[in-house]
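1. Sequence plus predicted model, see below.
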Number of protein chains: 2
Amino acid sequence: MKRYLGIDIGASSFKYGVGDSKHGLQCFDTIWFQEKSLSAFTEIMAQIWERVQDQEICGIGIGSPGTLRMPEGKIVGLNPNLPFFTGLSPQELLPQGLDLPVCVDNDANLMALAEANLQNCSVAVGITVGSGIGCGIVIDGKVYHGAHGFAAEAGHCIMVCEGEKCNCGQNGCLEAYSSVDSIRRRLQKRGLPYHALSLPRLIALRATEKELDAVICEGENILIRAVANLITLLDPQMVILGGGAMELGLYDIQRINKLASQYLPEAHRQETVCTLAGYGNRAGVMGAIIMCERRAF
Amino acid sequence: MKRYLGIDIGASSFKYGVGDSKHGLQCFDTIWFQEKSLSAFTEIMAQIWERVQDQEICGIGIGSPGTLRMPEGKIVGLNPNLPFFTGLSPQELLPQGLDLPVCVDNDANLMALAEANLQNCSVAVGITVGSGIGCGIVIDGKVYHGAHGFAAEAGHCIMVCEGEKCNCGQNGCLEAYSSVDSIRRRLQKRGLPYHALSLPRLIALRATEKELDAVICEGENILIRAVANLITLLDPQMVILGGGAMELGLYDIQRINKLASQYLPEAHRQETVCTLAGYGNRAGVMGAIIMCERRAF
């Protein structure tokens, strides 16, 4: 059996695992970090390699935040959390002298790849809802990158003309309404005392706090329209929603599935299903492994 | 040399031509119709075949309005202009007993295919601005259909929450702002006396009639955001804008190119170019021929 190492670089941890698409993950672990620097990251990579190197790994897949230029795999997009990452190729973090094929991709692309594979979908859109909004498009069972690697930035599609300010510098993006950060920002802007609460607490308080509920509903309604637009444009078999906030139930998948379909042209309804992601926080690692495998090393 | 027959069914005419992608069209003609019925259309098809049958045709491509379910090529979408068309497969219009391979696709998809081919683009989005808004997506040099054939309905992406009523039954679609019909509708709704004027006259009057200009500008601004969203999502090499209204200069391609790029995340700018279509009203016929050829009969 051919085994691959998948690594998923996040805002506060490296997740990693060893396995293949058929048998799943033989091991999975998380290494948390506080120091955000090239040397700290390189050290974590060495640590991961140390732990798995006796497992006859035949390829390494890495998922990274940020926009990657393809096919080079170089990070060109803003990583507000990881400023030193811009201009870097994530494979540079690996120990030198490894004689193994390495491939990299954006973390949301890999989540979409893993979830599409799990659902047996050849055409799918994956969306992650967390501090930001991530998106990946899978076509013919492979990640769709576009001409330069920048595709699937659905979080930065403009949903409201002259709308709320987004982290990306634009106004009215999906991420500026439906991400957890943007909900906190709007709560603060409206002078509501909830913005610093934990997400589970925020969700629990919706039942009694109407103003809080209205802000979250706004996020959900804009997400639903964005999902409808993705279906109108890409006609996938499934839209798969994941990420920490979806797992905690910030938005209601039944409502998204029902209402998104009502926003579609009549002929398109009842074809695409919106569903919750199945891999949870292992999707990035699993996607990195599948990516490696599909390149058929 | 292998020659193909391309037929483009429109709202008031059949366009057809014979040729191949390398040498272009050896002949091109238009047959106008008034009667919109299955028998009238079948007769026109017979007439076209009569005219070209001695040219050693080795395949027929047909472009049709409406949404086609793929791979069957059956029309499922609304054709408000051609109600008898729903449920039909356009190849059924051809004379019986033709022993030739036939393929069909949506007209906007074929425009995108032809224009992408002309521009030597493997990843492109084509948009037609006319009475409605058409769109086609080309990936790896082929039309992207999605899972069921319904992809690329960019005209029905929601651009304004609870916005203007669209022909499709939804509110706030791109088509409800940027199509020529929607401009006329908004002029009428606002009680402005221009809605029945010809399009060239409307365009000429913009310079002096501020209220008219404002309605057209609104259409252009929403189109620009839609183009930016398409780039953010699909990262094409080019967005190619055509259709009768673009040819007449309803919207300004320089302005679209410049402003769409400003709506993109920073890392994405300066990669995708917005440009005018080159084939004019022959794009559909040319696309039908290329489609036929690519299926390599």
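-> Structure received. What you see is a predicted model; the values in this text were computed from it and never measured.
2. Other residues contacting the strand or helix carrying A:D181?
-> Under the criterion of DSSP states H and E, A:D181 resides in helix A:180-189. By CB atoms under 8 Å, 6 or more residues apart in numbering or on different chains, the residues outside helix A:180-189 that reach it are A:129-132, A:164, A:166-167, A:175-177, A:194-196, A:199, A:202, A:212, A:215-216, A:218-219, A:244-245, A:250. Every residue, glycine included, has its C-beta placed from N, CA and C.
3. now with 6 Å?
-> Under the criterion CB atoms under 6 Å, 6 or more residues apart in numbering or on different chains, residues A:131, A:176, A:194-195, A:215, A:219, A:245 lie in contact with helix A:180-189.
4. Could you find the lowest-pLDDT member of those?
-> Lowest pLDDT within the contacts of helix A:180-189 is found at A:H195 (88).
5. Just give the number of residues close to whichever residue of the stretch 1-150 of chain A sits closest to chain B.
-> Among all residues of the stretch 1-150 of chain A, A:G146 sits closest to chain B, at 2.5 Å; criterion: CB to the nearest CB. Residues near A:G146, counting by other CB atoms under 10 Å in any protein chain shown, number 23.
6. before we move on, back to that, between all of the contacts of helix A:180-189, which two are separated the most?
-> Maximum pairwise distance among the contacts of helix A:180-189 (CB to CB): 18.3 Å, between A:A176 and A:Y194.
7. So for the two, which residue has more residues nearby?
-> Per other CB under 10 Å, whichever of A:A176 and A:Y194 has more neighbours is A:A176, with 27 against 18.
8. ok, the more buried one to A:N106 distance?
-> 20 Å (CB to CB, to the nearest Å).
9. quick one: the strands in the stretch 1-150 of chain A?
-> Using DSSP state E, counting those that start in this stretch, the strands of the stretch 1-150 of chain A run over A:3-9, A:13-20, A:24-32, A:57-64, A:68-69, A:74-75, A:102-106, A:124-129, A:133-139, A:142-143.
10. May I see these arranged in TSV, with mean pLDDT as well?
-> Listed next are these as TSV, based on pLDDT from 0 to 100:
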stretch	mean pLDDT
strand A:3-9	97
strand A:13-20	97
strand A:24-32	96
strand A:57-64	96
strand A:68-69	92
strand A:74-75	92
strand A:102-106	95
strand A:124-129	98
strand A:133-139	97
strand A:142-143	96
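11. Counting neighbours, show which residues of stretch A:55-74 come out buried.
-> In terms of neighbour count (16 or more other CB atoms under 10 Å in any protein chain shown), stretch A:55-74 has its buried residues at A:57-70, A:73-74.
12. Closest to A:N81 out of those residues?
-> Of all these, A:N81 sits closest to A:P65, with 7.3 Å by CB to CB.
13. I figured the closest one was touching A:N109, is that so?
-> No: with contacts counted by CB atoms under 6 Å, A:P65 stays clear of A:N109, the gap being 11.1 Å.
14. Would you mind putting the strands of the stretch 1-150 of chain A into a markdown table with distance to chain B alongside?
-> As requested, these are exported to a markdown table (distance: least, CB to the nearest CB, whole Å):
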| stretch | distance to chain B |
| --- | --- |
| strand A:3-9 | 18 |
| strand A:13-20 | 24 |
| strand A:24-32 | 26 |
| strand A:57-64 | 14 |
| strand A:68-69 | 8 |
| strand A:74-75 | 9 |
| strand A:102-106 | 12 |
| strand A:124-129 | 9 |
| strand A:133-139 | 7 |
| strand A:142-143 | 11 |
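15. Which strands or helices does the longest helix anywhere in chain A pack on?
-> Longest helix of chain A, by residue count under DSSP state H: helix A:210-234. Packing contacts for helix A:210-234, counted by 3 or more CB pairs under 6 Å, 6 or more residues apart in numbering or on different chains; DSSP states H and E, involve helix A:175-178, helix A:180-189, helix A:253-262.
16. Apply 8 Å and report the result again.
-> Applying 3 or more CB pairs under 8 Å, 6 or more residues apart in numbering or on different chains; DSSP states H and E, we find helix A:210-234 packed against strand A:124-129, helix A:175-178, helix A:180-189, helix A:199-205, strand A:238-242, helix A:253-262, helix B:210-234.
17. Determine which stretch of these is the most buried.
-> The highest average neighbour count among those, using mean count of other CB atoms under 10 Å in any protein chain shown, belongs to strand A:124-129 at a mean of 29.
18. tell me what it is packed against?
-> helix A:107-118, strand A:133-139, helix A:210-234, strand A:238-242, helix A:244-247.
19. so the second one versus strand A:238-242, what angle?
-> This points to strand A:133-139. Computed by axes from the mean of the first three to the mean of the last three CA atoms, to 10 degrees, the angle separating strand A:133-139 from strand A:238-242 equals 150 degrees.
20. distance between strand A:133-139 and the chain's centre?
-> Put simply, strand A:133-139 sits 8 Å off its chain's centre (CA atoms, centre = their mean, to the nearest Å).
21. from the buried residues of stretch A:55-74, which single one is nearest B:P90?
-> Nearest to B:P90 among the buried residues of stretch A:55-74, with distances taken as CB to CB, is A:M70, at 37.4 Å.
22. The closest residue to the closest one other than its chain neighbours: neighbour count?
-> Excluding the flanking residues, the one nearest A:M70 by CB to CB, 6 or more residues apart in numbering or on different chains is A:G149, at 3.0 Å. By other CB under 10 Å, 25 other residues sit near A:G149.
23. Max pairwise distance over the buried residues of stretch A:55-74: which two?
-> Maximum pairwise distance among those (CB to CB): 28.5 Å, between A:C58 and A:T67.
24. Spell out which parts of the stretch 151-297 of chain A neighbour chain B.
-> Residues of the stretch 151-297 of chain A that fall close to chain B, judged by CB under 8 Å from any CB of the partner chain: A:151-154, A:156-161, A:168-170, A:221-222, A:225, A:228-230, A:232-237, A:263-268, A:271-272.
25. any idea of the mean pLDDT for stretch A:164-174?
-> The pLDDT scores in stretch A:164-174 average 93.
26. how much space between the residue nearest to A:M70 and B:I203?
-> Taking CB to CB, one finds A:G149 at 39 Å from B:I203.
27. can you check A:L25 too?
-> 61 Å.
28. try A:T272
-> According to CB to CB, A:T272 and B:I203 sit 39 Å apart.
29. what does A:I158 give?
-> 26 Å.
30. from memory A:S178 sits against A:L223, does it?
-> Yes: using CB atoms under 8 Å, A:S178 is in contact with A:L223, at 4.2 Å.
31. what sits in contact with each of these two?
-> A:129, A:251.
32. Bridge partners for A:F14, pull those for me.
-> Assessed by DSSP bridges, A:F14 has beta-bridge partners A:I9, A:I31.
33. what about it, how many neighbours?
-> 21.
34. isn't it right up against A:D8?
-> Yes: using CB under 8 Å, A:F14 is in contact with A:D8, at 7.1 Å.
35. one step back: out of the residues of the stretch 151-297 of chain A next to chain B, which are buried?
-> Among those, the ones that count as buried (16+ other CB under 10 Å) are A:151-154, A:156-160, A:168, A:170, A:221-222, A:225, A:228-230, A:232-237, A:263-265, A:267-268, A:271-272.
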